[in-house]
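Trainee: just a sequence and a predicted model for now, questions to come.
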Amino acid sequence: MSFQPAIASPSLGHQTVHPITSRLEAAVSHSFKLIELVEDDLTFYARDHLGEVSDSTMIQAAIDIKRTCDRLKIKPCVLQPFWFYEGLLDPKEHAARISKLRLWMHLVRILGIRIVQVPTNWMKKGTTGDVDAIVKDFMEMASIGLEQDPPVLFAYEGVAWGTHIDTWQGTWEIVKRVNMPNFGLCLDTYHIAARVWGDPTAPGCKQPGGDEALRKSMEELATTVDVNKVFYVQLSDAKLLDQPLVEGHRFYDEEQPPRMSWSRNARLFPWEKGQSGCLPLGPVLDAIFNSLGFDGLVTVEMFSKELFQDDPKVPDRFATRAKQSWCTAMQRINHL
C-alpha cells in the first residue's frame, strides 16, 4: 500500500505559540504532502493578522492559509474538529451549530478540503444520548454537506471519553442509521485502543483483560464495518505513564476524564523510538488495513505539553519525529 504522508497541524506546535505558516513549513521540509487543519488555525490567524474573529475574517484566513499551502505545495485534507454538535437539547444551540456549519462549508470550499471531522460529543450537560435524535442531527448535517459542490464528507470519530458514544461500535451504529453517502467514520488508533485496552488510572495503563477485549473488538470491526464508509484513519499512540493518572498526578484535572487528560498531555506518534509508547497498535492496524483493506487517507497525530514550548525549533523537532514515525508505520502496514 502507498499513502501520501499526512499530519495534523496541532502536532507540530500549539497555535497559541507557533503560527500556522511555521508549522506548514516544518511539515513540508519533512516531506509531508497533506495537512489536517483545525479551526483554531483559522481563528488564531484571524485574530493575529486580521484584528478580530468573525465570519468574514475566518473566510479571509482560509484564503490566506490556502495561498500559503499552495505556495509550499502542501494540500489541506481535513478540517476539524466540528465538535459539540449532536444531541443538543437547546434548539437555539443547535441552530447556532447549523449556522457555524454553513460557515464551515465556505471554509472547506476555499481550502479545497472534502472531509470535516466530527468527534463524539463530550459535553457533560445539555445533551441527549437518544439515538433517534442523534441520527436526525447528523442527517441534517449530511444534507447540508450534499448541497455543496463537490459534496462535503463528514467523518464521525468515536472519542474515548464521549458522553453518550465513546467507541467505534457506537459511531458505526450511527453511520449505518444515518445511511447517507457523505457520512462515515474516522478511525483513530488512540481512541480505539485507549477505550478498549487502555486505562490511564491503572498500573501499566492497561485494563484487566485488555488484550482479549481488543482482540474481540478488532474481530468485530473487521467483520462488520464497510470499508467504503471509513473516510480516513488517524494513527496515534500514548505514553506509558510512570504512575496512575489519579488525583496528585501532574496530568490530573478534575474537570477532565482520565483518558482525555492522557490524550491532551501524553499522546505520541505511532511507534516512536524511545518515547515509551504503550498502546497495542498492531491489532488495530491489522483490522483496518489487512482485514478491511483500507487504502484511503491516513494521517499521524499527537498531543503533548511540549507543543506549547515557546521555542521556534518546536515545529521542526516534531516534524522530524513525525516523519520517522510515518516511515515506521508504513513499514508496519506493508508487512501486516
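Mentor: Arrived safely, thanks for sending.
Trainee: mind listing the helices in the protein by residue range?
Mentor: Assigned by DSSP state H, the chain shows helices spanning 20-29, 39-50, 55-72, 91-111, 131-146, 168-178, 189-196, 210-224, 258-266, 281-285, 314-334.
Trainee: wait, what's in contact with Gly61?
Mentor: Rather than Gly, residue 61 is Ala. The contact partners of Ala61, by C-beta atoms under 8 Å, 6 or more residues apart in numbering, come to 42-43, 45-46, 49-50. Bear in mind the C-beta positions are built from the backbone N, C-alpha and C, glycine included.
Trainee: buried subset of the residues you listed?
Mentor: By neighbour count, with 16 or more other C-beta atoms under 10 Å, the contacts of Ala61 hold 42, 45-46 as buried.
Trainee: out of those, flag the one nearest to Thr127.
Mentor: Among the buried ones among the contacts of Ala61, Leu42 lies closest to Thr127 (C-beta to C-beta), at 25.6 Å.
Trainee: now for that closest one: which residues touch it?
Mentor: 58, 61-62, 65, 107.
Trainee: swap in 6 Å and give it another go.
Mentor: For Leu42, the contacting residues are 58, 61, by C-beta atoms under 6 Å, 6 or more residues apart in numbering.
Trainee: distance of it from Leu214?
Mentor: Distance, Leu42 to Leu214, by C-beta to C-beta, to the nearest Å: 36 Å.
Trainee: could you measure from the closest residue in space to Thr328 that isn't next to it in sequence over to Val159?
Mentor: Among residues not flanking Thr328 along the chain, Trp271 sits closest, at 4.4 Å (C-beta to C-beta, 6 or more residues apart in numbering). As judged by C-beta to C-beta, Trp271 and Val159 stand 23 Å apart.
Trainee: which one's more surrounded, those two?
Mentor: Using other C-beta atoms under 10 Å, the more surrounded residue of Trp271 and Val159 is Val159, with 26 against 19.
Trainee: residues near Cys77, how many?
Mentor: 22.
Trainee: so it is in contact with Lys33, correct?
Mentor: No - look at Cys77 against Lys33 with C-beta atoms under 6 Å: they stay out of range, at 9.0 Å.
Trainee: give the contact list for Pro19.
Mentor: With C-beta under 6 Å, 6+ apart, Pro19 has no contacts at all.
Trainee: tell me the pLDDT at it?
Mentor: Looking at Pro19, its pLDDT stands at 96.
Trainee: need phi/psi at it.
Mentor: phi -60, psi 150 (degrees, to the nearest 10).
Trainee: would you quantify the distance from it to Arg109?
Mentor: 24 Å.
Trainee: what is the burial count for the nearest residue to Leu107 once chain neighbours are set aside?
Mentor: Counting by C-beta to C-beta, 6+ apart, Ala62 is the residue found nearest to Leu107 once chain neighbours are left out, at 4.7 Å. For Ala62, the count of nearby residues is 27 (other C-beta under 10 Å).
Trainee: correct me, but Ala62 touches Leu111?
Mentor: Yes - counting by C-beta under 6 Å, Ala62 does reach Leu111; the two are 5.3 Å apart.
Trainee: and for these two, which residues touch both?
Mentor: What both Ala62 and Leu111 touch, as defined by C-beta under 6 Å, 6+ apart, is an empty set.
Trainee: sorry, back to before: closest one to Ile288 out of the contacts of Ala61, please.
Mentor: Distances from Ile288 to the contacts of Ala61, taken by C-beta to C-beta, are shortest for Leu42, at 29.9 Å.
Trainee: separation between that closest one and Arg264?
Mentor: Counting by C-beta to C-beta, the gap from Leu42 to Arg264 is 21 Å.
Trainee: and the residue nearest to Ser261 when sequence neighbours are not counted, backbone torsions?
Mentor: Leaving aside its sequence neighbours, Ser261 sits nearest to Phe251 (C-beta to C-beta, 6+ apart; 4.8 Å). Dihedral angles of Phe251 (phi, psi; degrees, to the nearest 10) stand at phi -100, psi 0.
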